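[1] how would this look folded up:
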Amino acid sequence: MWKAIVFDMDGTLIDSPLCFRTLRERLDIPDGAPILEHLAALDPEERAFKERLLEEMEVGYAGGAKLIEGVQEMLQAFRTVGVRVGIFTRNCKAATQRVLDAFDLPVEMVLTREDALPKPDPDGLLRFLEAWKLEPKEMLFVGDFRFDIECGRRAGVETAFYADGAQEYDDFGADHVIADYRTFAQQIAGPLSPYASS
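    Numbering: from 1, shown residues only. Here you go, the predicted structure:
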């Protein structure tokens, strides 16, 4: 079984009101273009302006985030049985910290795009492996988008796609699919105690 499980954040641990269509319109980013990569290719002055605007929007939307059902119980259960838990997100540090502060998530290590190259680059996951002195086979990466699955694959770790109970979905070739976090937690940690959700 895995010694550590790292999660994406938006759409995986939290439901965010972040509207990517609105974000793309305000930043003038074409549909389908990866946001961070598009901004990185701009001239320095435009890039700096739009990156500040992106961060402001991310922090604002983070204030309306809600935990996905079962997340708090799952993370507490993993902590109880000694499974290390981390977050690796393409979000900015300020927005991520706002979420962590709001829900007091029992997470040991968090990496944002300021800490590591953004997914699908495996840099962040490799940093988790190094920090925790783990072999790739000892870690699972959970996400809800193709960048997450590609990132895990490139890092050599097993991947899980969070399907949020959907009946139809593209798992992007993930090794596992998670439909419900309480069921997943029981598979890893055994019967759950009645933890109170924040």
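[2] show residues contacting the longest helix along the chain.
    When the chain is parsed with DSSP state H, its longest helix is helix 44-62. Helix 44-62 is contacted from outside by 16-19, 23, 26-27, 35, 39-40, 42, 91-92, 94-96, 98-99, 102, using Cβ atoms under 8 Å, 6 or more residues apart in numbering. No exception for glycine: its C-beta is placed from N, CA and C like everyone else's.
[3] straight-line length of stretch 3-13, end to end?
    Start-to-end span of stretch 3-13 (Cα to Cα, to the nearest Å) is 19 Å.
[4] now the element after the helix or strand bottoming out on mean pLDDT in the chain, going C-ward?
    Here the helix or strand of the chain ranked lowest by mean pLDDT, DSSP states H and E is helix 20-27, holding a mean of 88. Remark: after helix 20-27, the chain's next helix or strand is helix 35-40, criterion DSSP states H and E.
[5] that next one packs against which elements?
    Here helix 35-40 touches helix 20-27, helix 44-62, going by 3 or more Cβ pairs under 8 Å, 6 or more residues apart in numbering; DSSP states H and E.
[6] take those helices and lay them out in a markdown table including mean neighbour count and distance to V6.
    What follows is the helices and strands packed on helix 35-40, written out as a markdown table (neighbours: other Cβ atoms under 10 Å; distance: least, Cβ to Cβ, whole Å):
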| stretch | mean neighbour count | distance to V6 |
| --- | --- | --- |
| helix 20-27 | 13 | 23 |
| helix 44-62 | 15 | 20 |
